[in-house]
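Chemist: Mind folding the following:
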Amino acid sequence: MNGSDRKCTNRRILAIALLCAGSVAGQSGTRLYVQRFDNDNDDSLREQTIRLLKNHKGITIVANTNGADRILTGTNQTYVKGYLSRNPRVRYRNGDSRPVYGGYLSVELKDQQDETVWSYLVTPSRFGSEDIDKNLAGQIVNKLLQFLTNAGNAP
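Modeler: Numbering: from 1, shown residues only. Okay, here's the model as predicted:
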């Protein structure tokens, strides 16, 4: 084997090693534990968040903090601040009325050393789903996925 053949073989071995390493890293993903949100009496917002996160590759939901790379914590408070009706002349609540929600969901993503690496605050979107938990969880999951995607691309 001459020198150029060795260089070519070494490059091929290096390329195969990098491809294998990249595929192993891509399969592992982020192991995430979602803690119970403060002020969430029935845990429905947490369950909705977990349900949406399970649909994405690269994120594995774990059962406890010991097996997690990151921990998602949060605080929420929601309330009905009024109702919208199709008919503006109707000033009482009827079957056509839709609730308008107020409040917030604040979340923090922490690492194993309990350091906050990301946080976000959302409020209910006015023309979103009538299911407030789905509305808030959807907004948080979208922003969290954007952060995790950009964090993986950072040098």
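
Chemist: Kindly tell me how buried the residue nearest to Tyr120 when sequence neighbours are not counted is, as a neighbour count.
Modeler: Nearest residue to Tyr120 in three dimensions, chain neighbours excluded: Lys143, at 5.0 Å (Cβ to Cβ, 6 or more residues apart in numbering). In short, each C-beta sits where N, CA and C put it, glycine included. Neighbourhood size, Lys143 [other Cβ atoms under 10 Å]: 15.

Chemist: for the helix or strand harbouring Lys143, which positions count as buried?
Modeler: Assigning secondary structure by DSSP states H and E places Lys143 in helix 132-153. Buried residues in helix 132-153, counted by 16 or more other Cβ atoms under 10 Å: Ile132, Asp133, Lys134, Asn135, Leu136, Ala137, Gly138, Gln139, Ile140, Val141, Leu144, Leu148.

Chemist: Likewise for stretch 29-38?
Modeler: Thr30, Leu32, Tyr33, Val34, Phe37.

Chemist: and stretch 114-128, which residues are buried?
Modeler: With the criterion 16+ other Cβ under 10 Å, stretch 114-128 contains buried residues Trp118, Tyr120, Val122, Pro124.
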